[in-house]
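Colleague: Kindly return the folded structure for what I paste below:
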Amino acid sequence: MAQKKIGVFVGSLRKESYNRKMANALMEVAPDSLKLEIIEIGNLPIYNQDLDDNPPAEYKQLRERVKKLDGVLFVTPEYNRSVPPVLKNAIDAASRPYGQSAWDGKPGAVISVSPGAIGGFGANHHLRQSLAFLNIPTMQAPEAYIGNAANLFDDKGKLTNASTREFITKFMHSFAAWVSRF
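Modeller: Reported below is the predicted structural model:
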């Protein structure tokens, strides 16, 4: 069976981002049936519908990359109980022009990562609302809210917490099963 190409969208641009560290850990524990790749979104111009007639190269590149994916995985922090602007911008840019969404029908999953105790619960659920509208069938369970992220990684960015590693391994196996359904 061919590997499924999964785009990983990290909602934090911070150099020492816990979300990027988690994305790397997810890539390490993913089953062989999935090939994960982080899709960089920090260089996208702010989405502007006026540009749809002559979109910037960054929009075109993102849209084409998303179209070629077999599934999508969103790793997001929480900003003010919602999704960070960089992630929302990427979602918007790849969903346009209207009626030509690159996301349409791609199976997805959300994992939120936060130094706080509730693990980005608000962002996780807010993001799911957008994904439902975009026809991204989103894995319902297991839900993934990773809290206390500052205590999970070593100084090289490696996940050191055994119970979190066990959980994300189960999460990724569930995600692989989810993607295989589509």
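Colleague: For the rest of this, base every contact and every neighbour count on C-alpha atoms.
Modeller: OK.
Colleague: What ranges in the chain fall below the confidence cut-off?
Modeller: 1 (pLDDT under 70).
Colleague: That one: strands as residue ranges?
Modeller: Assigned strands in the chain, in chain order: 4-10, 34-38, 71-76, 108-113, 145-146 (criterion: DSSP state E).
Colleague: Mind checking these for the one nearest to Pro137?
Modeller: strand 108-113 (6.0 Å; C-alpha to C-alpha).
Colleague: Which residues are in contact with the most centrally placed residue in the chain?
Modeller: Nearest to the geometric centre of the chain sits Phe74, at 1.3 Å (C-alpha atoms, centre = their mean). If a contact means C-alpha atoms under 8 Å, 6 or more residues apart in numbering, then Phe74 has Val8, Phe9, Val10, Gly11, Gly108, Ala109, Val110, Ile111 as its contacts.
Colleague: Among these, which pair sits farthest apart?
Modeller: Gly11 and Gly108 (14.9 Å).
Colleague: And the lengthiest helix in the chain, what does it pack against?
Modeller: Identified as the longest helix of the chain according to DSSP state H is helix 162-180. If you count contacts as 3 or more C-alpha pairs under 8 Å, 6 or more residues apart in numbering; DSSP states H and E, helix 162-180 packs onto helix 18-29, strand 108-113.
Colleague: Turn those into a markdown table, including distance to Ala2.
Modeller: Putting the helices and strands packed on helix 162-180 into a markdown table (distance: least, C-alpha to C-alpha, whole Å) gives the following:
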| stretch | distance to Ala2 |
| --- | --- |
| helix 18-29 | 17 |
| strand 108-113 | 18 |
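Colleague: of all those, which gets the most neighbours per residue?
Modeller: Ranked by average neighbour count under the criterion mean count of other C-alpha atoms under 10 Å, those are headed by strand 108-113 at a mean of 28.
Colleague: export that one as CSV, just CAs?
Modeller: Output of strand 108-113 as CSV, limited to C-alpha atoms (Å, rounded to 0.1, in the frame of the first residue of the first chain):
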residue,chain,number,x,y,z
GLY,A,108,-8.0,15.8,8.8
ALA,A,109,-7.2,15.9,12.5
VAL,A,110,-6.5,18.6,15.1
ILE,A,111,-4.1,18.6,17.9
SER,A,112,-3.7,21.6,20.2
VAL,A,113,-0.6,22.3,22.3
